[in-house]
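In: the following block contains a protein sequence and its predicted model.
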Amino acid sequence: MYAIIETGGKHYRVSEGDVLKIEKIDNKKSVTFNNVLMVSDDKNPSFGNPLLSSAKVTAEVLDTKKAKKILVFKQIPRKGHRKLRGHRQQYTTIKIKNIQVNPVRKS
């Protein structure tokens, strides 16, 4: 079983036991993702329009770190203008614990 979730403006394909790096989440020990776009066991996929209200994904927060430094260099030719800046993006490492889907009742 796998799900597609949205967090930090990005989409991730996750299944139980996966470890992935996402945009930084403030100090928490566990997190629940309610923005689930799709859930699929091998036979029956369920799609949201745009989100599935009956599904949620829970994860355990493992660590929060910074990525490697990215250097940004800007130069204006023939003007003597140079600018060098560095940036380290913060990210959170999570481990997916559970994908929960509640059956939708049709009336």
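Out: That came through fine.
In: please count neighbours and contacts with C-alpha atoms only from this point.
Out: OK.
In: chain center to the helix or strand of the chain with the lowest mean pLDDT, what's the gap?
Out: The weakest-scoring helix or strand in the chain, judged by mean pLDDT, DSSP states H and E, is strand 45-47 (a mean of 90). Relative to its parent chain, strand 45-47 has a centroid offset of 19 Å by CA atoms, centre = their mean, to the nearest Å.
In: quick one: strands adjacent to it?
Out: strand 36-40 (antiparallel) (DSSP bridges).
In: give me the buried positions along the strand it pairs with.
Out: Under the neighbour-count criterion of 16 or more other CA atoms under 10 Å, strand 36-40 has Val36, Leu37, Met38, Val39 buried.
In: so the second one makes contact with Leu52?
Out: Spelled out, that is Leu37. Yes. Counting by CA atoms under 8 Å, Leu37 touches Leu52, with 5.9 Å between them.
In: any idea how far the most far-flung residue of the chain relative to its centre lies from Val72?
Out: Ranking residues of the chain by C-alpha distance from their mean position (CA atoms, centre = their mean) puts Arg78 at the top, at 43.0 Å. Distance, Arg78 to Val72, using CA to CA, to the nearest Å: 19 Å.
In: got the end-to-end distance for stretch 35-45?
Out: Termini of stretch 35-45 sit 16 Å apart (CA to CA).
In: no, scratch that, I was asking about stretch 45-64
Out: 33 Å.
In: what's in contact with that stretch?
Out: 24, 28-40, 90-104 (CA atoms under 8 Å, 6 or more residues apart in numbering).
In: for that stretch, which positions count as buried?
Out: Buried-residue list, stretch 45-64, by 16+ other CA under 10 Å: Leu52, Ala55, Lys56, Val57, Thr58, Ala59, Glu60, Val61, Asp63, Thr64.
In: next: stretch 6-23.
Out: Val14, Ser15, Glu16, Val19, Lys21, Ile22.
In: check stretch 74-94 too.
Out: Quick answer for stretch 74-94 (16+ other CA under 10 Å): Tyr91, Thr92, Thr93, Ile94.
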